[in-house]
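>>> From the sequence below, what's the structure:
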Amino acid sequence: MLLFMKELKRTNTKPSAYTAKIFGGGNMFSRTVKPTSHTNISNQNIDSGRLLMAQYGFNIQSEDLGGAGHRNISFDVWSGDVWVKRVKDTI
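Residues are numbered from 1 along each chain as shown. The predicted structure is shown next:
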């Protein structure tokens, strides 16, 4: 995030000029480890991501967070379109 903010400063742009989309935070081991408030790393990552985006002044336009398993993300740099395919936890 610090490197990105440095680049925004270099280009004289602000976080509000960008469309922010966040993805992830899936529990990769939902079938083998029952999460507790101390071990649920996926929720901690989601909270940290949202907090960082807010602290730096980004407005989140869309998100796909949490759940079980992982995601495959496809991103079109030209249009900004993002496609998300959820992959169920297989462990």
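>>> mind checking pLDDT for Ala54?
What the model reports for Ala54 is a pLDDT of 95.
>>> Could you list every helix and strand in contact with the helix or strand where it lies?
Ala54 is part of helix 41-55, with elements assigned from DSSP states H and E. With contacts defined as 3 or more CB pairs under 8 Å, 6 or more residues apart in numbering; DSSP states H and E, the packing partners of helix 41-55 are strand 20-24, strand 60-65. Backbone N, C-alpha and C define where each C-beta goes, glycine included.
>>> let's see 7 Å
Other elements packing on helix 41-55 under the criterion 3 or more CB pairs under 7 Å, 6 or more residues apart in numbering; DSSP states H and E are strand 20-24.
>>> strand partners of the strand it packs on, parallel vs antiparallel please.
strand 60-65 (parallel) (DSSP bridges).
>>> Could I get the contacting residues of Val84?
Phe23, Asp64, Arg71, Ile73 (CB atoms under 7 Å, 6 or more residues apart in numbering).
>>> among those residues, which two are most distant?
Longest distance between any two of those is 8.9 Å, between Asp64 and Ile73; criterion CB to CB.
>>> what residues are shared contacts of those two?
Phe23, Val84.
>>> Could you list the residues in contact with stretch 9-21?
So stretch 9-21 is contacted by Leu8, Met53, Tyr56, Gly57, Phe58, Asn59, Ile60, Gln61, Ser62, Glu63, Gly80, Val82 (CB under 7 Å, 6+ apart).
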